[in-house]
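[1] Following is a predicted model, sequence given first.
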Amino acid sequence: MPFTVPDPTGRPVAVVGAGTLGRRIALMFATGGGEVRIYDPSAEQRAAARAYVEEQLPAVAAGIDAGRPGTVTTGGDLAEVLPGAWLVIEAVPERPELKQRVFADLDRIADEDAILGSNSSSYPTSRFVDSVREPQRLVNIHFYMPPTQNAVDVMSCGLTDRGVIDLLLAELPRHGVFPFEARKESTGFIFNRIWAAIKRESLAVVAEGVATAEEVDAMWAVNTGLRGGPFRAMDQVGLDVVLDIEEHYAAERPGLPTGPRALLEQYVGEGRLGVKAGRGFYDYRPGAGAASGAADRMRRRRSLTAVPRPRPARRLARGRRAAPPSEEREPRTAGRAQVTHEAPPVDRRRTERQCPGPVHRARLPRHLDP
């Protein structure tokens, strides 16, 4: 029996999980003027998610063509949150056994035509096919870190109805995000697969004592012209989440180095989970942020001034000679590490970028700018 693709008109979107990404996903769907419902068993998480969406929504909606603030409600009972939703997005921690249980519940409670999407950053929904009766409606819909990183991976579970994919590719841009279809099953989808290699090598550099996290991020900023860096980005996502993802990659690729995971395990074991815990690779506690930010700026200034600049030609008075090389004063940069940068200068101004395809124009900040 073919799956009937839902009509989103007038129907809410439900997000299951009110954590860092769940609340951000809810925020983006609330920019279309409709209703978004958030489920989480924790009353504290529900309250925090709702407060976040209500605070951010006016400004984010104003930055999207035809955007207008909608409404957000929260609940601790799936039977109250799911009915009527055309799209249900799972955004629970990266543990496959937990996701399997969640999808079994979603399949049982959600409307028969509701699309069941997973925001998993590393697990393909083909792993959850046995948890649902109609895999034609099961699909990966992976968000990055909206509202600043607005790409979305859309990937079939292998049995997803083509109409589901096409509907998501058409509908998501109306909410200020930009979908890209992964045409084959890929652990990490598209960008995350590339980004995982960058994170892993960054962690290895620190684990091996080659450089500090702050130095890696500072060099990232110098060479790319982008703010933040791998370690700032990992702190934003949560080091426990990053560790879960790395362990999944390692299970699929046994030859991966262990150093990056050992470093993450150390930080997670110390409770240094990143921004949400107040400490990660950086210290975000009150009073520490200003000092940390000042130190970052100082390191970047030092890096940017490390390249010796050509000395202007000296004008010599009549009858005087230029000092021979042995008498020349050493440049001010002597003793400092010299940085070379072969790439052309980066235009750091924020620009408007247009999403490829017949969709929508929205202002996007620079990528990897936590």
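    Cool, the structure landed.

[2] Point out where the stretch 201-350 of the chain drops to low pLDDT.
    For the stretch 201-350 of the chain, residues meeting the criterion pLDDT under 70 lie at 289-350.

[3] mind redoing it with 80?
    Along the stretch 201-350 of the chain, segments meeting pLDDT under 80 span 288-350.

[4] Please enumerate the helices of it.
    Remark: helices of the stretch 201-350 of the chain, listed N- to C-terminal, are 213-224, 230-237, 239-252, 259-269, 288-304; assignment by DSSP state H, counting those that start in this stretch.

[5] What is the shortest one packed up against?
    With contacts defined as 3 or more C-beta pairs under 8 Å, 6 or more residues apart in numbering; DSSP states H and E, the secondary structure elements packing on helix 230-237 are helix 191-207, helix 213-224. The way it works is simple: take the backbone N, C-alpha and C, and place the C-beta from them, glycine included.

[6] neighbouring contacts of stretch 37-48?
    By C-beta atoms under 8 Å, 6 or more residues apart in numbering, the surrounding residues in contact with stretch 37-48 are 12-19, 22-23, 26, 49-50, 53, 72-78, 81-82, 85.

[7] rewinding a little: so which of the helices of the stretch 201-350 of the chain is nearest E134?
    E134 lies closest to helix 239-252 among the helices of the stretch 201-350 of the chain, at 26.0 Å (C-beta to C-beta).

[8] tilt between the closest one and helix 230-237?
    The directions of helix 239-252 and helix 230-237 differ by 110 degrees, with axes from the mean of the first three to the mean of the last three C-alpha atoms, to 10 degrees as the criterion.

[9] buried stuff in helix 239-252?
    Along helix 239-252, these residues count as buried under the neighbour rule (16 or more other C-beta atoms under 10 Å): 239-246, 248-250.

[10] follow-up on the earlier one: among the contacts of stretch 37-48, which lie within strands?
    When strands are assigned by DSSP state E, the members of the contacts of stretch 37-48 inside them are 13-16, 72-75.

[11] domains of the chain?
    When the chain is parsed into structural domains using automatic domain parsing, the resulting residue ranges are 13-182, 192-354.

[12] Run through the strands of the stretch 1-150 of the chain in chain order.
    Counting by DSSP state E, counting those that start in this stretch, the segments of the stretch 1-150 of the chain that form strands are 13-16, 35-39, 71-75, 87-90, 115-118, 138-145, 149-156.

[13] Redo the ones you listed as TSV? Include distance to A213 and mean neighbour count.
    Rendered in TSV, the data for the strands of the stretch 1-150 of the chain read as follows (distance: least, C-beta to C-beta, whole Å; neighbours: other C-beta atoms under 10 Å):
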stretch	distance to A213	mean neighbour count
strand 13-16	32	29
strand 35-39	33	24
strand 71-75	35	18
strand 87-90	31	26
strand 115-118	30	28
strand 138-145	19	24
strand 149-156	20	23
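
[14] Make JSON lines out of these and add mean pLDDT and distance to E185.
    Rendered in JSON lines, the data for those read as follows (pLDDT from 0 to 100; distance: least, C-beta to C-beta, whole Å):
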{"stretch": "strand 13-16", "mean pLDDT": "98", "distance to E185": "23"}
{"stretch": "strand 35-39", "mean pLDDT": "98", "distance to E185": "28"}
{"stretch": "strand 71-75", "mean pLDDT": "98", "distance to E185": "33"}
{"stretch": "strand 87-90", "mean pLDDT": "98", "distance to E185": "18"}
{"stretch": "strand 115-118", "mean pLDDT": "98", "distance to E185": "13"}
{"stretch": "strand 138-145", "mean pLDDT": "96", "distance to E185": "9"}
{"stretch": "strand 149-156", "mean pLDDT": "97", "distance to E185": "7"}
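
[15] Save those as TSV, and put in distance to D7 too.
    Supplementary listing: these in TSV, determined by distance: least, C-beta to C-beta, whole Å:
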stretch	distance to D7
strand 13-16	13
strand 35-39	15
strand 71-75	20
strand 87-90	11
strand 115-118	12
strand 138-145	17
strand 149-156	19
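
[16] Is I64 bridged to anything, and to what?
    According to DSSP bridges, A362 are recorded as the beta-bridge partners of I64.

[17] I'd like to know how many residues surround it.
    The number of residues packed near I64 is 22, by other C-beta atoms under 10 Å.

[18] and if you look at R183?
    For R183, the number of neighbouring residues by other C-beta under 10 Å comes to 9.

[19] and it, backbone torsions?
    Note on R183: backbone dihedrals following degrees, to the nearest 10 are phi -80, psi -10.

[20] What separation is there between S122 and D153?
    11 Å (C-beta to C-beta, to the nearest Å).

[21] Tell me the spacing between the closest residue to F191 other than its chain neighbours and Y52.
    Distances taken as C-beta to C-beta, 6 or more residues apart in numbering place A151 nearest to F191, at 6.3 Å, with adjacent residues excluded. From A151 over to Y52 the distance is 21 Å, taken as C-beta to C-beta.

[22] re the thing from before, just the ones in strands among the contacts of stretch 37-48 now: which is nearest G255?
    Nearest member of those to G255, counting by C-beta to C-beta, is V16, at 34.8 Å.

[23] Could you pull out the buried residues of the longest helix belonging to the chain?
    Assignment by DSSP state H gives helix 43-62 as the longest helix of the chain. Buried positions in helix 43-62, judged by neighbour count with 16+ other C-beta under 10 Å: 45-46, 48-50, 52-53, 56-57, 60-61.
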